[in-house]
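**Student:** Any chance you can model this:
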Amino acid sequence: MAMGGLRHGGLPTTDEPVAGTDGPQTYIVHVNHPDPTKLSNPEDREAWYRSFLPVHPVDSGEPRLIYSYHKVVSGFAAWLTPRELQAMQKMEGFVDAFPDRLATTQTTHTPDYLQLHQPSGLWPQAGYGTGVIIAVLDTGILPNHTSFDATGMPPPPLKWNGRCDFSPPLCTNKIIGARTFLSGLQALLGETSLGGTNLPPFDDNGHGTHVAGTAAGRFVEGANFDGFAWGRAAGMAPDAHLAIYKVCGATGGCADSDILMGMDTAVSDGVDILSLSIQGPSRPLYSDTQAVGAFGAIDHGVFVSFAANNNGPSPGSISNDAPWILTVGSGTMDRSMVATVHLGNGHLVYGEPQYGPAFPSTLFPLVYPGGAGGSPQAAICSDLTGFKVSGKIVLCDSGGIPGPSKAAVVEGAGGVAMIIANTLAEGATKPFEKIPLPTSRVRFADGVKIKASVDSTGATARATLVFKGTTIGYPPAPVVAVDSGRGPSSQSRDILKPDVIGPEVNVLAAWPVPVGGSNDATHSFNLLSGTSMATPHLSGIVALLKATHKDWSPAAIKSAILTTATTVNTYGKPITDQADGNSATYFAVGAGQVDPPRANDAGLVYDLSPNDYIAYLCRINYTDAQVTVIARRTVICAHIPPIVPAGLNYPTFSVTLGPGGQLTVNRTVTNVGCATSSYSVRIDPPPGVAVTVFPPVLTFSSVKQPLPYTVTFVRLGGGRPSNWQGSLTWVSADGMTTVRSPIMATLV
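**Tutor:** Below you'll find the model as predicted:
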């Protein structure tokens, strides 16, 4: 092995305790990218990494080296004491190190809702995703579920270089890769039963099976959850190949080092898309393991989509917000399961059933234990001691304990049915729960109305529940989910985040255990909500675009999705926000909801290379060492041509202007439509801001031709401090193609 001049002597071991520490812990260590002429293979690189480590194992006997990374990061994960790390920091080639940390995990109708139809349109044009490989990094998969049947699937493309750790009957042309990486989680939690990297990635949580089915599940007739959401299930890219990397444990915990190893291996295996429905706190990009790994992936031409997280609706609650990541927020769809609350005063409140059986139309007494004289425990129905609820419908506030536990308390006290009222934070989101007692879940505002009715009528309050099954076309959709992570980005304020939203509320997809009336795990489906569900929708759609536009870069695909996203709901009105019922801001909805057919015919795209992102990082006050961690190669920012941070060739605009402020930024669009075409600019300026574009007309003479333009933003005298929205749209001469970029102007 050619190691000349690259091997260290290895750190000495030390038994001397370090004040304020508890001994060794796992770190992710970044080192300078070695000369490939000297380290030509992974074995040589691993030996180079080991030369940084102490020569003796840790006291527990565990090997020092946990993972050796080769594709998306220049470095490794290892057991180190703080003193050993201090000694390592003095070694030539060391760049930085961060403690391993925990992250967490985050449909019959959605293909139709997103205009994916047979036998015409994007689905057949893209061959249903044939030949594209989606890597799902999550809790594993149930490989023999009907959603992953391989009948008629072609072999994986020749570039595939991975392995499948299931037994041969479960490794198919559908599930072509299956690996487990849990050594980091095992180290963090001190558990020995997680299997490290030795067990096949069977799903012991359910989350991974569900997101894999959402992204690329095959067509399954008669899919339903106990009769709800009945229909033919399919993922967004039914014929795409799946590579499964189990990086999260049974409880949904995921170690950064395991996630990074999954990303590193997936890129080495030859996947096209990384899909991660995983969330952690927002951190500076150089210390955000997922962001660093994602940069390495896009540097190899691999697309990366991440969940925006479920911490909304507070401003700045978003994470996974690096500019090279597709950050996916979440919205509702126009399918609902209806359980109407009929009040005795004749008023109707539309709720959703919570897996309850049918209910008589007779009016029953209605009681709210959280009213006058009630306790907080009674309000959430965790304790109804002293309340007479026998033979009554009980209104319970959400929270505190799960719905099934509330039902047990209510039923134990003699209640005949239950209404669960969302909290203010939950807004209008009504996630499904398996509750055997007849139950309707209502949004917060409607819960307030029901409580007012009870207060006004007292002991004569009456109600009943009417279960109407599944409806399509109502309510208007999308509405941004209340828990979807919101911008602005705390790490990339000059980049508008989230990028886009996708369907997430009550998404039906594969489930690895019998549920909802099914006795067969291989044909079991469940309804889940969250940005976890929105992200695989986008990953599958990216697979379709990858199949129809094989030469598009990750940035070009992202641009096509953002500039064609819809900004109106199914009723033609602006998309609203569950948090307050008003029109959703760009910090909630991003560019809008994905529109797959339009994204396939984008007309123009804003392309970016990894070097463009490096120039951006150098202009947001990152040090050379911090940029080097992300870039996996030595970067000297003084040698990089300068750009203004808002000048990154991103398909959206986010600018900050002080009193009398002015900013000019450059953009370049590349023609991916008709060879001979012309586009004129249409500007909807943010209030208080003048926006000018030069030139106002772009005329193309060939496909793939790039043309630049400049945009100047000037704050006008009347603009008061706030966030103001507008847009810049290029419109083709025939009016058939529009390329829209949102503008968020922050006036300070």
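
**Student:** Contacts for the helix or strand of the chain with the lowest mean pLDDT, please.
**Tutor:** Using mean pLDDT, DSSP states H and E, helix 110-113 stands out as the lowest-scoring helix or strand of the chain, at a mean of 72. Here helix 110-113 makes contact (CB atoms under 8 Å, 6 or more residues apart in numbering) with 117, 123, 214, 234, 236, 333-335, 477, 503, 507, 537. All C-beta atoms are positioned from the backbone trio N, CA, C, and that covers glycine.

**Student:** and if we set it to 10 Å?
**Tutor:** 107, 116-118, 123, 214, 219, 231-236, 238, 333-335, 472-473, 477-478, 502-504, 507-509, 533-534, 537, 540, 570, 593, 596 (CB atoms under 10 Å, 6 or more residues apart in numbering).

**Student:** Is the most centrally placed residue in the chain bridged to anything, and to what?
**Tutor:** What sits nearest the mean C-alpha location of the chain, by CA atoms, centre = their mean, is Ala307, with 1.3 Å. Bridge pairing for Ala307 (DSSP bridges) gives the partners Val328.

**Student:** List the residues that contact it.
**Tutor:** Ala307 neighbours (CB under 10 Å, 6+ apart): 105-106, 211, 275-279, 319-320, 327-330, 484-485, 498, 502, 504, 530-536, 538.

**Student:** Show me which positions of stretch 658-672 end up buried.
**Tutor:** Buried residues in stretch 658-672, counted by 16 or more other CB atoms under 10 Å: 661, 663, 665, 667, 669-672.

**Student:** chain center to that stretch, what's the gap?
**Tutor:** Stretch 658-672 has its C-alpha centroid displaced from the chain centroid by 28 Å (CA atoms, centre = their mean, to the nearest Å).

**Student:** Need the distance between the two termini of stretch 101-111.
**Tutor:** Taking CA to CA, to the nearest Å, stretch 101-111 runs 36 Å from one end to the other.

**Student:** Repeat that for stretch 490-500.
**Tutor:** Stretch 490-500 has its terminal residues 18 Å apart, counting by CA to CA.

**Student:** can you tell me the average pLDDT over it?
**Tutor:** The pLDDT scores in stretch 490-500 average 93.

**Student:** And for stretch 152-165?
**Tutor:** Stretch 152-165 comes out at a mean pLDDT of 96.

**Student:** Off-centre distance for that stretch?
**Tutor:** In terms of CA atoms, centre = their mean, the centre of stretch 152-165 is found 26 Å from the chain centre.

**Student:** so who does the nearest residue to Gly647 once chain neighbours are set aside touch?
**Tutor:** Excluding the flanking residues, the one nearest Gly647 by CB to CB, 6 or more residues apart in numbering is Val665, at 4.3 Å. Val665 sits next to 494, 643-650, 653, 655, 709-713 when contact means CB under 10 Å, 6+ apart.

**Student:** Direction included, what does the helix or strand harbouring Val665 pair against?
**Tutor:** Per DSSP states H and E, Val665 falls inside strand 662-671. Sheet pairing of strand 662-671 (DSSP bridges) gives strand 604-605 (antiparallel), strand 706-715 (antiparallel).

**Student:** what does the shortest one contact?
**Tutor:** Yep, that's strand 604-605 we're talking about. The contact list for strand 604-605 (CB under 10 Å, 6+ apart) reads 549, 552-553, 555-563, 651, 668-673, 677, 679, 698, 700, 704, 706-707, 730, 732, 737-739.

**Student:** now the helix or strand just after it: how far from the chain's centre is it?
**Tutor:** As assigned by DSSP H and E, the chain's next helix or strand after strand 604-605 is helix 610-618. Distance of helix 610-618 from its chain centroid, counting by CA atoms, centre = their mean, is 23 Å.

**Student:** how about the very next helix or strand once past helix 610-618: buried residues?
**Tutor:** Downstream of helix 610-618, the next assigned helix or strand under DSSP H and E is helix 624-631. By neighbour count with 16+ other CB under 10 Å, helix 624-631 contains the buried residues 624, 626-631.

**Student:** Identify the farthest-apart pair in the residues you listed.
**Tutor:** Farthest pair in these (CB to CB) is Asp624 and Ile630. Separation: 11.2 Å.

**Student:** Enumerate every residue touching the spatially closest residue to Gly660 that is not a sequence neighbour.
**Tutor:** Spatially, and ignoring its direct neighbours in sequence, Gly660 is nearest to Arg715 (6.3 Å; CB to CB, 6+ apart). Neighbouring residues of Arg715 by CB under 10 Å, 6+ apart: 655-663, 686, 688-690, 724, 745, 747-748.

**Student:** returning to that earlier point: out of the strands paired with strand 662-671, nearest to Ile450?
**Tutor:** Across the strands paired with strand 662-671, Ile450 has its closest neighbour in strand 706-715 (47.0 Å, CB to CB).

**Student:** Now the element after the longest helix anywhere in the chain, going C-ward?
**Tutor:** In terms of residue count, the longest helix belonging to the chain (DSSP state H) is helix 531-548. Using DSSP H and E, the helix or strand that directly follows helix 531-548 along the chain is helix 554-563.
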